[in-house]
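[1] how does the following fold in three dimensions:
(one chain, ligands or ions: 1)
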Amino acid sequence: MRTELHFHLLPGVDDGPADDAESIALARLATEDGTARVVVTPHVRLADLDALDRMTERLGEVLREAGVALELRPGGELSPDDVASLDQERLERLAHGPPGARWLLLEAPLFSRTRSLDSAADELQERGFGVLIGHPERSSGTPESVLRGHVARGAVLQLNASSLTGAHGGEARRRGFALARSGLPFVLASDAHSPARPPSLTPAAAALIAAGIHESTVRAAVDVLPEAILTAGLGAARTSRRPVPAVHGGRSRLGQRERGTSPVARAAQIFLDRRRRS
Ligand SMILES: [Fe+2]
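    Next comes the predicted model:
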């Protein structure tokens, strides 16, 4: 089931849809893009976390009444500055995955220094959560070497489809393609906000394939890993800070170290193995 892990769909909460009509239009665009399930991820600092489940359930009913076949799950997008202020119960409310493999979406900062991402990711891992790093390609202060360190500690990258289609400018696009080629495990998500900033998995996947990235890698990032991460979770935090080397032309230390330890790592290994054979 094609699953979006980063998507602003709740109406009137953040800078996403303004009202039910816009949410319905956006949800319809998602289904037309081939998506069957969306994790709704409002900016956590703007959302009433006590109402998150209820709002998601209500929107689900609104979509059903409108004839839009889109399954919803409650979630949220953490900014690095949010983490320290949230108690464990609130983080749990935002997390996904089974016990022992719970994870959270943490956005890479667009403006602040990479140190804020480092400290927030470390804190989440120390508190028992895996980390999906949102739109690292948009974070010019977060180099690939830093991301490689987070992946070594169990994180997976979430690239914005909109970056790959050029919606966030040339630099984000260039970094997005570079990360897609880096050998680091990644998923695509739309980070959609409105019909003006719409779902774009299909054009982004086509752009990656047109750029020479193997179709199996792209399909994994769109159709395999997002569902695997949502249902099977992300592996537990690890203490090693050893960086993960690129896999081009060689064996993946990521695969060697994680094989058998995490469902998503196994899924990642499948597409990395396919990539090496291609
Ligand atoms: Fe977002």
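[2] which residues in the stretch 51-200 of the chain form strands?
    With DSSP state E, counting those that start in this stretch applied, the stretch 51-200 of the chain shows strands at 71-74, 77-78, 103-107, 130-134, 156-160, 186-189, listed in chain order.
[3] okay, these in CSV with distance to the ion and mean pLDDT next?
    To be clear about C-beta, it is placed using only N, CA and C from the backbone, and glycine gets the same treatment. Converted to CSV, these look like this (distance: least, C-beta to the ion, whole Å; pLDDT from 0 to 100):
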stretch, distance to the ion, mean pLDDT
strand 71-74, 15, 98
strand 77-78, 5, 98
strand 103-107, 6, 97
strand 130-134, 6, 97
strand 156-160, 8, 98
strand 186-189, 9, 98
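[4] could you dump those to JSON lines with distance to R173?
    Output for the strands of the stretch 51-200 of the chain, formatted as JSON lines (distance: least, C-beta to C-beta, whole Å):
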{"stretch": "strand 71-74", "distance to R173": "29"}
{"stretch": "strand 77-78", "distance to R173": "21"}
{"stretch": "strand 103-107", "distance to R173": "18"}
{"stretch": "strand 130-134", "distance to R173": "17"}
{"stretch": "strand 156-160", "distance to R173": "10"}
{"stretch": "strand 186-189", "distance to R173": "13"}
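[5] export these to a markdown table and tack on distance to D14 and mean neighbour count?
    Putting the strands of the stretch 51-200 of the chain into a markdown table (distance: least, C-beta to C-beta, whole Å; neighbours: other C-beta atoms under 10 Å) gives the following:
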| stretch | distance to D14 | mean neighbour count |
| --- | --- | --- |
| strand 71-74 | 14 | 18 |
| strand 77-78 | 9 | 26 |
| strand 103-107 | 12 | 26 |
| strand 130-134 | 14 | 26 |
| strand 156-160 | 16 | 27 |
| strand 186-189 | 16 | 28 |
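[6] so, low pLDDT: which residues of this protein?
    112-115, 235-278 (pLDDT under 70).
[7] and it, which of its residues are near the ion?
    77, 191 (C-beta under 5 Å from the ion).
[8] show me what the most centrally placed residue in the chain is bridged to.
    Per C-alpha atoms, centre = their mean, the C-alpha nearest to the average position across the chain is that of Q158, at 3.7 Å. When assigned by DSSP bridges, Q158 has beta-bridge partners G134, V187.
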